[in-house]
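[1] Sequence first, then the predicted structure, then my questions.
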Amino acid sequence: MIIAETPDGKKQDIFVVDYHFHIWNAAKENWLRPDLAKGWINCFYDYTKALSPKEYVWDWDTYAYYGEEKALQDVFGDGHVDMAIFEPQTLMYFYHKGFSNVDAIAGYVKKWPDRLVMGSRWDPRDGEAGKALLEEQVRKFRIRPFQMRNTKLYTAEWKEENGGMSRGWRLDSKEAFDFLEKNRELGINVQVAHKGPTVWPLDKDAFDIGDVDTAATSFPDMKFVVTHIGLPRLDDFCWVATQDKNIYAGMAVAMAFVHTRPRYFAEMMANLLYWLGPDRILFSADYALWHPKWVIEDFLNFELPEDLKKEYGVDLTMEIKKKILGENAAKVWGIDIEQQKKTQKNDELSKKLHLQPGTIRVGEAAKKGKPLAR
Amino acid sequence: MAQDAQANLKESVLQALSTVTDPELDEPITELGFVKNLSVSEDGRVSVDLVTSTFWCSPNFVYMMLEEARDVVSKLPGVKEMRLTLGGHHDSDRINGAINAGKSFSECYDSEARGDLVELNKMIRNRALRSRLYSMAAAFVRSGLVAEEIPELSRQDVTANGDTFVVNSRGRMVPITDPADMRRVARYLSFLDGLDRTTTGLVVWELDGNPPPEDEFVSTLIAGRLAKANFSLNAELCRALLESRLNREEP
């Protein structure tokens, strides 16, 4: 937990929930199709290097597989996060045991059920077996009211199918809707949609979020988090999210602009606050892509530049930052923050890592965005 | 071919490549650093090596760029043969084979595509038009025009005067002299002048030449601004990714 202290001497408790967290395994021993497996983790590594402060970039081997201990220390010990929600990305076509698979996640969650939140995944191409698996996971792992409430939907997952190759699926198909019905029945009411580059048919826009729009309209009681705010389709995302109030802006990837690209970050925040308002924006550092410590500290110190405040008529106050960092996600997942604070005070992880609320002095080195280069 | 001619041809190829934009970023591939290597032989054979910012760049947008590069370079006088090589992409082999055999996207991808890239191209070009319109309008406002005047202007009201532009609005001559703003105006006009249209207005919102709905110019500018923000963010991310990628040591 963070205690944010502003120059006027006011102190505020901030409970941090990261909605998009991973412990992946991309070590060479796990490469099934080496070109693709290597291409995948190298691309992640490039993202990390592109937007991180230099001192936070690890060597390649650590990055490929860092494991549980390091993840816990980084995220909870040093990174100010109070709860982290898993979003599996299996990629069974690339990796022997998957990149971050649900069984591994279940193992971590069982050890730390008040800190780590289990999310699963589904794929309409898995048919009835996929539905049965979800049912079993809910039965086994809903060990807290907020556990097993979300699934990650990676629509660009490659899969061998009927002797051929399928390089993705759409959320608005009949088969996907059947799965959404099943999710509803199981109380899995948060769908975290993530767009990748190769989805059939290839002549259409793989990043188009029209299918999320269709699903969100048809399942108004469910919540749809669009990861990395629809980038590279921020404009489409804003239109759709303005219409569908059950669509949320997932800040994974987008958040990392805050350090080296503050003006771009400012432009993005101004748009999100203008189109969606402050209640539907969810924080994530997307660990291990980025380390939550610097992401959160920079975000707390970030101020919207005056020109954008004026032009869009929005602001990013401490109250709003508090919502984005935790309160919004807590509402979506049904996490009772006050209850969690009590539970976590003496939980196993607090003892193991000697966790204490960290005070962050905000506002002294507030970063003002510079004008866009072009 | 004399050495001078060879150097001149290389220059023309580079110039031609600078007119090719990444459709998702609306910036020239030459400025983005996607052209890694360019060679021109004595007998007019051109070879271009390209790289994208990630291994996973969408095959459809990659194909659009390569097709355009192939077409603009092939038609230059003196070019006998054109060979494109895309490196470090998850579908490099397939794409290189198809593009150099003169195949279309749907021929390259067969059953994985349902058609060619016409609709996708329209969608993305429309976005570029709107983004560029916003940038020009913002440049006009900075130079002293009022936003409401802009939709009244016809194409002819904006004239080039040396390197600067002059806007004739309601009889008032407003010069655009800031270099960055001049570039913004030029980028919109070059797009506009390339459209096949029968309308004569300056403000165009659709590729067929139609303006935004009447009295909705200011709200369309907000939409244009968002399209622009999207391009800028994507382009910035791609530049940063490419830099990381080129500096990466392979494990």
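    Right, received. Where do you want to start?

[2] can we go C-alpha only for contacts and neighbour counts from here?
    OK.

[3] Kindly report the residues of chain B close to chain A.
    Taking CA under 8 Å from any CA of the partner chain as the contact definition, chain B meets chain A at B:24, B:54-60, B:90, B:105-106, B:109, B:112-117, B:119-120, B:180, B:223, B:226-227, B:229-234, B:237, B:240-245, B:248, B:251.

[4] Among these, the buried ones, what's the PyMOL command?
    The PyMOL command for the buried members of the residues of chain B next to chain A (criterion: 16 or more other CA atoms under 10 Å in any protein chain shown) is given here:
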select buried, chain B and resi 24+54+55+56+57+58+59+60+90+105+106+109+112+113+115+116+117+120+223+226+227+229+230+231+232+233+234+237+240+241+242+243+244+245
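
[5] What does residue A:287 show for phi and psi?
    Residue A:287 has phi and psi values of phi -50, psi 140 when expressed as degrees, to the nearest 10.

[6] wait, doesn't it sit right on residue A:21?
    Yes: with contacts defined as CA atoms under 8 Å, residue A:287 counts as touching residue A:21 at a distance of 5.4 Å.

[7] which residues of chain B fall in helices?
    Using DSSP state H, the helices found in chain B span residues B:3-17, B:29-32, B:59-74, B:92-100, B:105-109, B:118-142, B:179-193, B:217-246.

[8] Packing partners of the fourth one?
    Helix B:92-100 makes packing contacts with helix B:59-74, strand B:81-87, helix B:105-109 when contacts are defined by 3 or more CA pairs under 8 Å, 6 or more residues apart in numbering or on different chains; DSSP states H and E.

[9] what mean pLDDT would you report for the shortest one?
    What it means is helix B:105-109. Rounded to a whole number, the mean pLDDT of helix B:105-109 is 96.

[10] Measure how far that helix is from the centre of its chain, please.
    Helix B:105-109 sits 22 Å away from the centroid of its parent chain (CA atoms, centre = their mean, to the nearest Å).

[11] which outside residues touch it?
    A:202, A:203, B:60, B:63, B:94, B:95, B:98, B:113, B:114, B:115, B:116, B:117 (CA atoms under 8 Å, 6 or more residues apart in numbering or on different chains).

[12] Stretch A:34-50 too?
    Counting by CA under 8 Å, 6+ apart, A:26, A:31, A:57, A:60, A:63-64, A:94-95, A:289-290, B:54-55, B:90, B:237, B:240-245, B:248 sit against stretch A:34-50.

[13] Any regions of the chain where pLDDT drops low?
    With no chain named, the answer covers chain A. Under the criterion pLDDT under 70, the flagged ranges of chain A are A:364-374.

[14] that's the other chain; I wanted chain B
    Counting by pLDDT under 70, the ranges of chain B that qualify are B:250-251.

[15] mind giving me the domain split of it?
    Using automatic domain parsing, the domains assigned to chain B come out as B:3-116, B:119-235.

[16] For residue A:282, find the nearest of those domains.
    Counting by CA to CA, residue A:282 lies closest to domain B:119-235 out of those; the figure is 18.9 Å.

[17] Now do the end-to-end distance for that closest one.
    Using CA to CA, to the nearest Å, one end of domain B:119-235 lies 22 Å from the other.

[18] thinking again about what came up before, redo the domains of chain B as CSV? Include distance to residue A:332.
    Compiled in CSV, the domains of chain B are given as follows (distance: least, CA to CA, whole Å):
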stretch, distance to residue A:332
domain B:3-116, 31
domain B:119-235, 27
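
[19] of all those domains, which lies closest to residue A:17?
    Between residue A:17 and the domains of chain B, the shortest separation by CA to CA is 25.4 Å, and it involves domain B:119-235.

[20] From residue A:136, how far off is residue A:129?
    As for residue A:129, its distance to residue A:136 is 11 Å (criterion: CA to CA).

[21] try residue A:39
    Using CA to CA, we find residue A:39 at a distance of 33 Å from residue A:136.

[22] Can you pick out the residue with more neighbours from these two?
    Neighbours were tallied for residue A:39 and for residue A:136 using other CA atoms under 10 Å in any protein chain shown; the higher tally belongs to residue A:39 (19 against 11).

[23] Three-state assignment for that one, please.
    helix (DSSP: H, G, I helix; E, B strand; the rest coil).

[24] would you turn the helices and strands packed on helix B:92-100 into a markdown table with distance to residue A:182?
    A markdown table is the format used below for the helices and strands packed on helix B:92-100 (distance: least, CA to CA, whole Å):
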| stretch | distance to residue A:182 |
| --- | --- |
| helix B:59-74 | 33 |
| strand B:81-87 | 43 |
| helix B:105-109 | 34 |
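
[25] who wins for proximity to residue B:191 among these?
    Proximity to residue B:191, assessed across these by CA to CA, is greatest for helix B:59-74 (15.6 Å).

[26] Outside of that closest one itself, list whatever touches it.
    Counting by CA under 8 Å, 6+ apart, residues outside helix B:59-74 touching it are A:197-198, A:202-205, B:13, B:16-17, B:20-24, B:79-84, B:91, B:95, B:99, B:105, B:117.

[27] And that helix, what's buried?
    Counting neighbours by 16+ other CA under 10 Å, the buried set in helix B:59-74 is B:59-70, B:72-74.

[28] relative to helix B:118-142, how tilted is that helix?
    Helix B:59-74 and helix B:118-142 are oriented at 80 degrees to each other (axes from the mean of the first three to the mean of the last three CA atoms, to 10 degrees).

[29] for helix B:59-74, the distance to its chain's centre please.
    Computed by CA atoms, centre = their mean, the chain-centroid distance of helix B:59-74 equals 12 Å.

[30] swap in stretch B:163-183?
    23 Å.

[31] quick one: contacts for residue A:120?
    Shown in contact with residue A:120 (CA under 8 Å, 6+ apart): A:86, A:87, A:88, A:102, A:134, A:148, A:150, A:151, A:152.

[32] repeat that for 10 Å
    For residue A:120, the contact set (CA atoms under 10 Å, 6 or more residues apart in numbering or on different chains) comprises A:86-90, A:101-103, A:105-106, A:133-134, A:137-138, A:147-153, A:188, A:191.

[33] Can you list which of these are found in strands?
    Using DSSP state E to define strands, the subset of the contacts of residue A:120 located there is A:86, A:150, A:151, A:152, A:153, A:191.

[34] Name the next helix or strand downstream of the strand or helix carrying residue A:48, please.
    When elements are assigned from DSSP states H and E, residue A:48 belongs to helix A:34-51. Next in sequence after helix A:34-51, counting helices and strands by DSSP H and E, comes helix A:60-64.

[35] So which bits of that next one are buried?
    Applying a neighbour-count criterion of 16+ other CA under 10 Å, one finds A:60, A:63, A:64 buried in helix A:60-64.

[36] now swap in stretch B:14-26 and tell me
    B:14, B:16, B:17, B:18, B:20, B:21, B:22, B:23, B:24, B:25, B:26.

[37] Pick out the most distant pair among these.
    Pairwise over these, using CA to CA, the maximum falls at B:14 and B:24, 20.9 Å.

[38] was I right about residue A:1 contacting residue A:350?
    No: at 11.1 Å, residue A:1 does not count as touching residue A:350 under the criterion of CA atoms under 10 Å.
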